[in-house]
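> build me a model:
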Amino acid sequence: MTLELTIGSRRIGAAHPPLVIAEIGINHEGSFEKAIRMVNDAAAAGCECVKFQCHVVDDEMIPNDVVPGNTTETIWDIMVRCALGEHDERRLKKYVEDKGLLYLSTPFSRAAADRLEGFGVPAYKIGSGECNNYPLIEHIAGFGKPVILSTGMNDVTSVQPAVDILRARGVPFALLHCTSMYPTPPSFIRLGAMAQLAESFPDAVVGFSDHSLGNYACFGAVALGAAILEKHFTSDKTWPGPDVPISMDPADLGDLVLGSRVVHAARGGAKTILPEEQPTIDFAYACVVTTSDVGPGEPLTASNTWVKRPGTGEIKARHYKDVLGRTAARPLPRNSQVAWADLA
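Okay, here's the model as predicted:
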C-alpha cells in the first residue's frame, strides 16, 4: 500500500499530485482585507491549500528586542502588528473553506493551538522553529489530527523525538525538508535531505518547504518524490512585510501548481517500449531493404542491401548483419523490404 495521509478529502502521497501550500503566513500584515485578497488570488491560480500563522503573542514569547535576519524590526513588534484576532481568523477559515480550499494554520504557542482546535481545523502545520519544541508538539499531537512538520534548523537527531511523539499518539504525519535562510541560495537547498528523511522515517510522507527564489527547486523536489510543496505567497511583491521578498505572486503560484503536476505525472516508470509509440515506430525505425535488384539465389551483400525507413518491414535494422550472406529465395526488386521468408 502506498504511504499517504489525508487532510479533509485530499489524499497526499506519491500516488497523487503534490499538495501545493500557498503560505500566506503574516504577509497580510494584520489586514483581514489583504488576507482575503490573497485567498482569492491563490484560488484563481489553481491552488488547493492556503496556510496562515496563528499568533497569540503573549503566550508565544516574552517581550524582546531580537531582530530576525530578514528584517530590521524586532520579532515582538512584527507579531504584535501582524497577529489577527480570533474573530478574524475564524472568519478567514470559513471564507477559505467556502471557496473549496483547504485551510491550514501554524500555531506558535499552546494557546494558538487551542484556538485552532476550537475552529475545527483538519490538520496542523508545525513550523521549523517548533520542530524541537517537543512540549508544543506533544500538545498538538494530543488532538489526534494529521501533522505536517517542517524541519529547517534541525537534523535527523533532533527530528527523531518529534517523530517519536507523533508515532506514540498514532498521528499521521509528513516531514518537510527546509532550509531556514531567506532567501536560500541554491547550494544550501540540499534536496538530497528529502531522501535522508524518507530513509530515516519510512512512515513519513516527505515534502519540501522552500525559501529559495523561483520555482526551480520545487520542481526538482517533485522529481525526487516530494508529496507536499510549501512556499510563501503574496498578491503583490511591492507590499511590505519580512517574507514578501521571498514570496510567490499569483503568476508564480499558477506556474508552481501546473509545473508540479506535470513533473509528478512525468516521474517514475521504466525504460520500456510503449504501445503508444507504435505510430512513431512505423515511420522512424529503419528496416532491411534492397538497394538494387536481387535475383533468386543471389546473396544479399553490403552493396545490394542496406537499412532504410519506414519501420513497417519485418526485419529491423538491428538484424542487418544477420541478413548479409543469405541468398534470395525469390526476385527482390530494388527498395524491397526484406522478409525472412524472402531468404533461402
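> wait, isn't Ala223 in contact with Gly268?
No - look at Ala223 against Gly268 with CB atoms under 8 Å: they stay out of range, at 10.0 Å. C-betas here are computed from N, CA, C, even on glycine.
> in stretch 82-89, which residues are buried?
For stretch 82-89, the buried set under the neighbour-count rule, 16 or more other CB atoms under 10 Å, comprises Cys82, Ala83, Leu84, Glu89.
> one step back: so if I had to pick from Ala223 and Gly268, which one is more boxed in?
Ala223 (15 against 10; other CB atoms under 10 Å).
> so which residues of the stretch 51-200 of the chain form strands?
Using DSSP state E, counting those that start in this stretch, the strands found in the stretch 51-200 of the chain span residues 102-107, 124-126, 147-150, 173-178.
> which secondary structure elements does the second one sit against?
Using 3 or more CB pairs under 8 Å, 6 or more residues apart in numbering; DSSP states H and E as the contact criterion, the secondary-structure elements in contact with strand 124-126 are strand 102-107, helix 134-141, strand 147-150.
> so Lys231 sits right up against Asp210, yeah?
Yes - under the criterion of CB under 8 Å, Lys231 makes contact with Asp210 at 4.8 Å.
> where do the domain boundaries of this structure fall?
15-266, 275-342 (automatic domain parsing).
> how distant is the first one from the center of its chain?
I take that to be domain 15-266. For domain 15-266, the separation from the chain centroid amounts to 14 Å (computed by CA atoms, centre = their mean, to the nearest Å).
> quote the end-to-end distance of it.
Start and end residues of domain 15-266 are separated by 12 Å (CA to CA, to the nearest Å).
> mind listing what Ala265 touches?
Shown in contact with Ala265 (CB atoms under 8 Å, 6 or more residues apart in numbering): Pro17.
> that one in helix, strand or coil?
helix (DSSP: H, G, I helix; E, B strand; the rest coil).
> any idea how far it is from Gly144?
Ala265 sits 34 Å away from Gly144, going by CB to CB, to the nearest Å.
> also Leu258?
From Leu258 to Gly144 the distance is 35 Å (CB to CB).
> so between these two, which is more surrounded?
Leu258 (14 against 11).
> you'd agree Leu149 is up against Cys131?
Yes - with contact defined as CB under 8 Å, Leu149 and Cys131 form a contacting pair (6.1 Å).
> overlap in contacts of those two?
Shared contacts of Leu149 and Cys131 (CB under 8 Å, 6+ apart): Ile137, Val159, Ala162.
> could you tell me which of these count as buried?
Buried by 16+ other CB under 10 Å: Ile137, Val159, Ala162, out of the shared contacts of Leu149 and Cys131.
> ok, back up a step: hey, which of the domains of the chain is tucked in deepest?
Of all these, domain 15-266 carries the top mean neighbour count, a mean of 19, counting by mean count of other CB atoms under 10 Å.
> from one end of stretch 5-23 to the other, what's the distance?
End to end - CA to CA - stretch 5-23 spans 20 Å.
> off-centre distance for it?
10 Å.
> and for stretch 4-23?
Worked out by CA atoms, centre = their mean, stretch 4-23 lies 10 Å from the chain centre.
> quick one: average pLDDT of that stretch?
In this model, stretch 4-23 has a mean pLDDT of 97.
> now stretch 333-344
Mean predicted lDDT for stretch 333-344 stands at 98.
> same thing with stretch 104-122?
Rounded mean pLDDT across stretch 104-122 is 98.
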